[in-house]
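>>> sequence first, predicted coordinates after that:
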Amino acid sequence: MGGYYLDRKNWKAALSRFESAMVLDPENPEVYWGLAEAEHHLGNFADAKAHYLKLLDYDPDGPHGRQARKELKEPEIANGKNAVPVQSATETAK
């Protein structure tokens, strides 16, 4: 479901789905790709950076490896600072 929301640029819904998927499959590089992409577009650059790096740990030569390396070179991601405070879906639900 997370990929569905990424395709439709519904970043908050995608983030929520990928956070749930991480609990079920914490070693799946697709989960880290989805988290990183959603966080990147939501301005949560520190978490996006961490998840791009985690993706590269699990699958450096996989389908998203090249793009993850490119994203990590962007200044806001490289510096890992958030543009605005962003709450995760689990924090919002509290």
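Cool, the structure landed. Numbers count the residues shown, from 1 in each chain.
>>> can we go C-alpha only for contacts and neighbour counts from here?
OK.
>>> any buried residues in stretch 61-72, and which?
Taking 16 or more other Cα atoms under 10 Å as the basis for neighbour counts, the residues of stretch 61-72 that come out buried are 64-65, 68, 71-72.
>>> neighbours of Lys9, how many?
Lys9: 14 surrounding residues under other Cα atoms under 10 Å.
>>> what does the one 3 residues further on give?
Per other Cα under 10 Å, the neighbour tally for Lys12 reads 19.
>>> quick one on the thing from earlier: reformat the buried residues of stretch 61-72 into TSV and put pLDDT next to each item.
Putting the buried residues of stretch 61-72 into TSV (pLDDT from 0 to 100) gives the following:
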residue	pLDDT
His64	95
Gly65	95
Ala68	96
Glu71	95
Leu72	95
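>>> where does pLDDT dip in the protein?
82-94 (pLDDT under 70).
>>> which residues does the residue nearest the centre of it contact?
For the chain, the residue nearest the mean C-alpha position is Ala36 (1.5 Å; Cα atoms, centre = their mean). By Cα atoms under 8 Å, 6 or more residues apart in numbering, Ala36 lies in contact with 47-52.
>>> which residues touch the helix or strand where Phe18 lies?
The secondary structure element spanning Phe18 is helix 11-24 (assigned by DSSP states H and E). Counting contacts by Cα under 8 Å, 6+ apart, the residues outside helix 11-24 that touch it are 1-6, 28, 31-32, 34-35, 38-39, 41-42, 88-90.
>>> helices - which of the residues you listed land there?
Assigned to helices by DSSP state H, the following of the contacts of helix 11-24 qualify: 2-6, 31-32, 34-35, 38-39, 41-42, 89-90.
>>> farthest-separated two in those residues?
Distances among the ones in helices among the contacts of helix 11-24 were taken as Cα to Cα; the most separated pair is Tyr4 and Thr90, at 19.7 Å.
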